[in-house]
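Undergrad: The following comprises the amino acid sequence and a computationally predicted model.
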Amino acid sequence: MTYVLVILVCVTGVAAFVYGGADDSPGLQLLGAVLVLGALALAVRRARRRP
């Protein structure tokens, strides 16, 4: 279930990044990049903690 949430957040972040590029909005691109990187960091952290 956690990986589904990570995938959804990554897809949302990529969509925000692409839309921010089309709309020439650097703030939306930054938000999209932060969403993707944060979701991936949490997924890796959670995967490393599992026994």
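TA: Structure's in. What do you need? Since the structure is predicted, the reported quantities are computational estimates derived from the model, not experimental observations. Numbers count the residues shown, from 1 in each chain.

Undergrad: what's the burial count for L28?
TA: Other residues lying near L28 total 17 when counted by other CB atoms under 10 Å. Just so you know, the C-beta spots here come from the backbone N, C-alpha and C atoms, and that holds for glycine as well.

Undergrad: repeat for F17
TA: 19.

Undergrad: and the gap between G21 and G13?
TA: 13 Å (CB to CB, to the nearest Å).

Undergrad: Grab the longest helix from the chain for me.
TA: Counting by DSSP state H, the longest helix found in the chain is helix 26-49.

Undergrad: Report the mean confidence score over that helix.
TA: On average, the pLDDT along helix 26-49 is 93.

Undergrad: neighbouring contacts of it?
TA: Helix 26-49 is contacted by residues 2-3, 6, 9-10, 12-21 when judged by CB atoms under 8 Å, 6 or more residues apart in numbering.

Undergrad: Distance-wise, check the most centrally placed residue in the chain relative to I7.
TA: What sits nearest the mean C-alpha location of the chain, by CA atoms, centre = their mean, is V36, with 1.8 Å. For V36, the distance to I7 equals 11 Å [CB to CB].

Undergrad: any idea how far the longest helix of the chain is from the chain center?
TA: 4 Å (CA atoms, centre = their mean, to the nearest Å).

Undergrad: What residues sit buried inside that helix?
TA: 28-29, 31-32, 35-36, 39, 43 (16 or more other CB atoms under 10 Å).
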